[in-house]
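1. Sequence and computational prediction follow.
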2 protein chains.
Amino acid sequence: MASPPNTAPLASNPAALIAEMAARARNAQKTLAALGSDSKAAALHGAADRIMASEAAILSANAKDCSEAEKAGLSPAMIDRLKLSTERLTSIAAAVRAVAELPDPVGQIIDTSQRPNGMVLGRVRIPIGLLGIIYESRPNVTADAAALCVRSGNAVILRGGSEAVESNRAIHAAFVEGLEASGISADAVQLVPTQDRAAVGAMLSASGLIDMIIPRGGKGLVARVQADARVPVLAHLDGICHTYIHEAADAAMAAEIALNAKMRRTGICGAMETLLLDARFPQATEVVGTLLEAGCELRGDARAQALDGRIVAAMPEDWDTEYLDPILAVKVVDGPAEAIAHIDRHSSGHTDAIVTGDSAVAEAFLAQVDSAIVMHNASSQFADGGEFGLGAEIGIATGRLHARGPVALEGLTTYKWQVRGTGQIRPA
Amino acid sequence: MASPPNTAPLASNPAALIAEMAARARNAQKTLAALGSDSKAAALHGAADRIMASEAAILSANAKDCSEAEKAGLSPAMIDRLKLSTERLTSIAAAVRAVAELPDPVGQIIDTSQRPNGMVLGRVRIPIGLLGIIYESRPNVTADAAALCVRSGNAVILRGGSEAVESNRAIHAAFVEGLEASGISADAVQLVPTQDRAAVGAMLSASGLIDMIIPRGGKGLVARVQADARVPVLAHLDGICHTYIHEAADAAMAAEIALNAKMRRTGICGAMETLLLDARFPQATEVVGTLLEAGCELRGDARAQALDGRIVAAMPEDWDTEYLDPILAVKVVDGPAEAIAHIDRHSSGHTDAIVTGDSAVAEAFLAQVDSAIVMHNASSQFADGGEFGLGAEIGIATGRLHARGPVALEGLTTYKWQVRGTGQIRPA
């Protein structure tokens, strides 16, 4: 395994540690940015090879993490998230190979124009530079995030959760060994060598050193990052997603979409958390019945409760709650305007959907609802980079600048203007 | 004139004042976002009409500002920037009309795709939302910035400099009167009613209320905004622009571009501040001679000084100085690698140029230099939204995210994903 640089003397000064890591990363990024698509792909396949070749070391490191987690009394669900196996490691390597084969956005020409004086202007995609990824217990993020960064020509500083510290070190060591075999410096993909929480603080305030931070994990992590960061953050905090069933919805489609949007997986950010039923939709009772029979708890306003005796009363906070569980808030609304007003007030700006057979109403909804993803006649559970055809996903963004919705490679790039002249000077 | 809303009770609590203004602005923005191109254009022509119709009131307000400025001992240059005339007011109205006629980016489809399951995905441009513009003494910014915001469907909170307080109020009152005549609420374009500096602080920390801040003014203002803002900032701090004359440069072109890049206007952000001369460029003496004879002070390293006895010695800080004056730092470098390394270290990431007849060297320079604008065989003084064909400019951005280089309407938009389905649900 590649020996990590000796940063031990810096560990007691997190700001100096991050500054030193960032300086090395920025230097390595210059070389990475200049590499062609094929070289980056080859390096990623090399990293995947090394991950598979290091199976014994990685699984042994992971066993240590799992044993520590058991001692610490972590929940079975958390230990399952942490645990690696030959099968999971094979998936991790396969995901790295899949990213290697994605179209490379770097060097793409966004647009070009020619000025009357003959100058040719073009905007070309370039890597953002140095990214910081802060994540929790899933060790696969170490390889996934590193692969997306390398493919898009970015250097990255990774900071994983303390539960997965040994697993992350082993995966990272294998990954950069693969990069180095292709001539890419290990400085391009660095793992913070300390679990001191002050190192996270140092990353968040590394304005001018780190160009963008991406937190991947639970709400506590994302909220802290968004509150404390001086560096731009790409993330979403909540996925409070709505589905509005309009009066002209097909009844079977409405029931099927509602069921899928809520119950396919209740724990993902694209899961529906509030169902808005139009008062004129004739089959509202059937839709709520389908959900109740699937084992979903419904919490409704008075008009929703009138549809079915099993619906309990919603409290005001239910309209602003991301359950991530088989619980759903249900409200009856009088038409699209009230539905949109409710979404406008309570949506987290992630994904909101309408089900209707009336295309004018659908288009108005798609135009007026201001969330990162707006949908017509589809399940909000599709809100995912893979499902959107991006090939992967580093996260979903609900901010308004740079990138919105599922973010994969393009969202990890920016652009510069290239101007090609023949001696033009600007007239007075 | 439209009477401004009564915010007097809030003036003593800047955070509450900004929150209240932002709430009204966000509300008005929803209507503005839904307007078609023609309606927004008509409203802007209406605003231009009202500016011209309010000439007497605006010039009288401006006379008060100028008289206060004289009493306060402001420099003639600053008073000139402040001063309005019939001619200048006509230009201000004409600029508003020009923005009204620019292509509307809102509603543009960035890209579309269809998934194998039949869902159609499209990314559509939408306004960012609510912008904050913080500016200094030029009262024309009130109308310019407001016009760009309205054209792109954004609401705006304007905070002008105290020197121009009366002028800004009069221009703003006329502008929103024009909007209101077209049915757009005056809440869409608001002027902060107090010159209390705490109001600026409240704007900068209005995270979640204001979506983006654009400072327009001198370095002191931009530096303060960048240091204190919790809201994303679109700006550039310095324009430390380089021109590298490669050995294969045409001598006449090199002299002409260097002269124009430095001396056309020395006070603009795209003016060259450092000239890098290749040691193998045979006519370096002629190029520095041209600059010296045009009245430019040259500060060089030892090798540059050897070219001409009139070149004074550069101090280390000269390589990091934005002179905005007829002063230029000059360094002799050994080839493109040294030139790029110097730019990498000292450029502010605004605009950097190469002059060469060797297209391979030029392309390598355009690829490797990481500034917002990179140029081949053209004067860096072209770094301007108008010159780039954008029709206007709200500023130049040197950050790495969202928008880089000259920013006009497109940079004031973001996008959302619209998904059109026919009942698709996500498989388990």
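-> That came in fine, so what should we check first? Given the structure is predicted, the values throughout are model-derived calculations rather than measurements. Numbers count the residues shown, from 1 in each chain, chains lettered A, B, ... in the order given.

2. Tell me the buried residues in stretch A:51-59?
-> Buried residues in stretch A:51-59, defined by neighbour count with 16 or more other CB atoms under 10 Å in any protein chain shown: A:I51, A:M52, A:S54, A:E55, A:A57, A:I58, A:L59. No exception for glycine: its C-beta is placed from N, CA and C like everyone else's.

3. Would you tell me what helix or strand the second one is located in?
-> The secondary structure element spanning A:M52 is helix A:37-53 (assigned by DSSP states H and E).

4. Give me the contacts around that helix.
-> Outside helix A:37-53, the residues within contact range by CB atoms under 8 Å, 6 or more residues apart in numbering or on different chains are A:32, A:35, A:58, A:89-90, A:92-94, A:96-97, A:99-101, A:104, A:106, A:143, A:146-147, A:150-151, A:153, A:171, A:174-179, A:181-184.

5. So among these, which ones count as buried?
-> Burial by neighbour count, 16+ other CB under 10 Å: within those this picks out A:32, A:35, A:58, A:89, A:92-93, A:96-97, A:99-100, A:104, A:106, A:143, A:146-147, A:150-151, A:153, A:171, A:174-179, A:182, A:184.

6. so which of the residues you listed also contact chain B?
-> Restricting the buried ones among the contacts of helix A:37-53 to those near chain B by CB under 8 Å from any CB of the partner chain leaves nothing, as none qualifies.

7. name the helices or strands packed onto the longest strand along chain A?
-> Using DSSP state E to define each element, chain A has its longest strand at strand A:413-424. Where contact means 3 or more CB pairs under 8 Å, 6 or more residues apart in numbering or on different chains; DSSP states H and E, strand A:413-424 is packed against strand A:120-127, helix B:251-263, helix B:359-368, strand B:373-378, strand B:405-407.

8. Would you reformat those as JSON lines and include mean neighbour count and distance to B:I311?
-> Rendered in JSON lines, the data for these read as follows (neighbours: other CB atoms under 10 Å in any protein chain shown; distance: least, CB to CB, whole Å):
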{"stretch": "strand A:120-127", "mean neighbour count": "20", "distance to B:I311": "34"}
{"stretch": "helix B:251-263", "mean neighbour count": "22", "distance to B:I311": "14"}
{"stretch": "helix B:359-368", "mean neighbour count": "17", "distance to B:I311": "25"}
{"stretch": "strand B:373-378", "mean neighbour count": "27", "distance to B:I311": "25"}
{"stretch": "strand B:405-407", "mean neighbour count": "26", "distance to B:I311": "32"}
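
9. quick one, phi psi at A:G178?
-> In this entry, A:G178 is assigned phi and psi values of phi -60, psi -40 (degrees, to the nearest 10).

10. Can you give me every residue that contacts it?
-> Each residue near A:G178 by CB under 8 Å, 6+ apart is listed here: A:A43, A:L44, A:H45, A:G46, A:A47, A:A48, A:D49, A:R50, A:I51.

11. hmm, back to that, just the angle for the longest strand of chain A relative to strand B:373-378, thanks.
-> Here strand A:413-424 points in a direction 20 degrees away from that of strand B:373-378 (axes from the mean of the first three to the mean of the last three CA atoms, to 10 degrees).

12. closest to A:L74 out of the helices and strands packed on strand A:413-424?
-> Taking CB to CB, strand A:120-127 is the member of the helices and strands packed on strand A:413-424 nearest to A:L74, at 36.5 Å.

13. returning to that earlier point: got the buried residues of stretch A:51-59 as TSV, with pLDDT and distance to A:H402 columns?
-> Supplementary listing: these in TSV, determined by pLDDT from 0 to 100; distance: CB to CB, whole Å:
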residue	pLDDT	distance to A:H402
A:I51	98	31
A:M52	98	35
A:S54	98	35
A:E55	98	38
A:A57	98	38
A:I58	98	34
A:L59	98	38
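
14. quick one, domains of chain A?
-> Listed domain ranges for chain A are A:12-234+A:410-416, A:241-382 (source: automatic domain parsing).

15. now the ones you listed as JSON lines including distance to A:R404?
-> Formatted as JSON lines, the domains of chain A follow (distance: least, CB to CB, whole Å):
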{"stretch": "domain A:12-234+A:410-416", "distance to A:R404": "9"}
{"stretch": "domain A:241-382", "distance to A:R404": "4"}
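
16. and B:Y323, which of the ones you listed is closest to it?
-> B:Y323 lies closest to domain A:12-234+A:410-416 among these, at 23.0 Å (CB to CB).

17. what sits against A:I58?
-> With contact taken as CB under 8 Å, 6+ apart, A:I58 is in contact with A:I51, A:L84, A:L89, A:S167, A:A170, A:I171, A:A174.

18. Distance of the fourth one relative to chain B?
-> Think A:S167. Taken as CB to the nearest CB, to the nearest Å, the spacing of A:S167 relative to chain B amounts to 28 Å.

19. The third one too?
-> The spacing between A:L89 and chain B, counted by CB to the nearest CB, is 24 Å.

20. what sits against that residue?
-> A:L89 sits next to A:I51, A:M52, A:E55, A:I58, A:L59 when contact means CB under 8 Å, 6+ apart.

21. thought the third one was touching A:T86?
-> Put plainly, it is A:E55. Yes - contact status for A:E55 versus A:T86: in contact at 6.6 Å, counting by CB atoms under 8 Å.

22. neighbours around A:A337, how many?
-> For A:A337, the number of neighbouring residues by other CB atoms under 10 Å in any protein chain shown comes to 11.

23. what about it, which helix or strand?
-> Residue-wise, A:A337 maps onto helix A:336-346 under DSSP H and E.

24. got it, and A:N27?
-> helix A:14-34.

25. now could you export just the CA positions of that helix as CSV?
-> These are the backbone C-alpha positions of helix A:14-34, laid out as CSV (Å, rounded to 0.1, in the frame of the first residue of the first chain):
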residue,chain,number,x,y,z
PRO,A,14,-6.3,21.4,12.0
ALA,A,15,-6.2,24.6,10.1
ALA,A,16,-2.6,24.1,9.2
LEU,A,17,-3.2,20.5,8.3
ILE,A,18,-6.1,21.4,5.9
ALA,A,19,-4.0,24.2,4.4
GLU,A,20,-1.1,21.9,3.8
MET,A,21,-3.3,19.2,2.3
ALA,A,22,-5.1,21.8,0.1
ALA,A,23,-1.8,23.2,-1.2
ARG,A,24,-0.7,19.7,-2.2
ALA,A,25,-4.1,18.9,-3.7
ARG,A,26,-4.2,22.1,-5.7
ASN,A,27,-0.8,21.3,-7.1
ALA,A,28,-1.9,17.8,-8.1
GLN,A,29,-5.1,19.1,-9.6
LYS,A,30,-3.2,21.1,-12.2
THR,A,31,-1.8,17.9,-13.7
LEU,A,32,-5.2,16.1,-13.3
ALA,A,33,-7.0,19.0,-15.1
ALA,A,34,-4.7,18.6,-18.1
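
26. any chance of the contacts of A:I58 in JSON lines, plus secondary structure?
-> Output for the contacts of A:I58, formatted as JSON lines (DSSP: H, G, I helix; E, B strand; the rest coil):
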{"residue": "A:I51", "secondary structure": "helix"}
{"residue": "A:L84", "secondary structure": "coil"}
{"residue": "A:L89", "secondary structure": "helix"}
{"residue": "A:S167", "secondary structure": "helix"}
{"residue": "A:A170", "secondary structure": "helix"}
{"residue": "A:I171", "secondary structure": "helix"}
{"residue": "A:A174", "secondary structure": "helix"}
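
27. Dig out what A:L276 forms beta bridges with.
-> Applying DSSP bridges to A:L276 yields these beta-bridge partners: A:Y244, A:K331.

28. Report the contact partners of it.
-> Under the criterion of CB under 8 Å, 6+ apart, the neighbours of A:L276 are A:H242, A:T243, A:Y244, A:I245, A:K331, A:V332, A:V333, A:A339, A:H342, A:I343.

29. Also A:L237?
-> A:K219, A:V222, A:A223, A:Q226, A:S348, A:T398.

30. wait, the second one sits on A:A229?
-> Think A:V222. No - contact criterion CB under 8 Å: A:V222 and A:A229 do not qualify, at 10.5 Å.

31. To what extent is A:R159 buried, counted in neighbours?
-> Number of residues near A:R159 (other CB under 10 Å) recorded here: 23.
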